[in-house]
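Asks: the following block contains a protein sequence and its predicted model.
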Amino acid sequence: MATNGTITSFSSAPKNRFDIGGDGYEVQTAGNSYSLSNPDSDTLRFEVHSGDRAWYDGSYPDRSEIEGEARIAAGTPIAIDYQVKLEPNGPNNTFVNTTSSYFILGQMHNDDSASGVS
């Protein structure tokens with residue numbers, strides 16, 4: 001995987017693919033105009049509103065995300081590094097709690113198709 005964060009071939013449409021540092025990613029959002037944007041060559045902006053679902057979601061969860069195409073073998077040491085800016089979502093630059101009891105900034109999990117686990 002690359003350590004250079006340059007974003008190329010960007011498209012915000014669900015199921016479309018683009019590259020970050022030469023590694024492929026898929027857009028997994030509700031497809032709203034605000035769901036995912038690329039304000040500059042090394043920044044992705046995610047926004048989630050209540051009820052935002054990807055094409056494969058039922059009634060839960062609210063999501064705006066990307067999935068990397070690379071698969072990492074079990075036992076491989078890796079490092080993840082990113083910077084995050086949280087934007088206020090309330091009046092006068094305040095933060096308003098949502099109905100969600102958690103927020104996931106990033107996740108890694110098994111390759112569902114390879115392991116046979118849905």
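Replies: Right, received. Where do you want to start? Numbering: from 1, shown residues only.
Asks: low pLDDT regions in this structure?
Replies: 1-4, 98-102, 115-118 (pLDDT under 70).
Asks: can you give me the strands for it?
Replies: 7-8, 17-20, 23-28, 36-40, 43-46, 65-68 (DSSP state E).
Asks: tell me which residues are up against the fourth one.
Replies: Defining contact as C-beta atoms under 8 Å, 6 or more residues apart in numbering, one finds that strand 36-40 is touched by 7, 10, 12, 27, 29, 44-47, 64, 66. Yep, even glycine has a C-beta here, placed from its N, CA and C like the rest.
Asks: switch to 6 Å and redo it
Replies: With contact meaning C-beta atoms under 6 Å, 6 or more residues apart in numbering, strand 36-40 is reached by 7, 10, 12, 29, 45-46, 64.
Asks: could I have the CA atoms of that strand written out in CSV?
Replies: Taking Å, rounded to 0.1, in the frame of the first residue of the first chain, the C-alpha atoms of strand 36-40 are listed here in CSV:
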residue,chain,number,x,y,z
LEU,A,36,-18.4,12.4,0.0
SER,A,37,-16.4,15.1,-1.6
ASN,A,38,-12.7,15.8,-2.6
PRO,A,39,-11.9,19.4,-1.8
ASP,A,40,-8.2,19.0,-2.7
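Asks: that one pairs with which strands, and in what direction?
Replies: strand 43-46 (antiparallel) (DSSP bridges).
Asks: repeat for the last one
Replies: Sheet pairing for strand 65-68, assigned by DSSP bridges, gives strand 23-28 (antiparallel).
Asks: would you mark the buried spots in the partner strand?
Replies: Residues 25, 27-28 are the ones in strand 23-28 that count as buried (16 or more other C-beta atoms under 10 Å).
Asks: list of residues touching that strand?
Replies: By C-beta under 6 Å, 6+ apart, the list of residues contacting strand 23-28 reads 1-2, 14, 16-18, 54, 65-70.
Asks: go again with 7 Å.
Replies: Strand 23-28 is contacted from outside by 1-2, 11-18, 36, 54, 63, 65-70, using C-beta atoms under 7 Å, 6 or more residues apart in numbering.
Asks: could you measure from the nearest residue to G51 once chain neighbours are set aside over to G106?
Replies: Leaving aside its sequence neighbours, G51 sits nearest to D62 (C-beta to C-beta, 6 or more residues apart in numbering; 6.7 Å). Per C-beta to C-beta, to the nearest Å, D62 is found 16 Å from G106.
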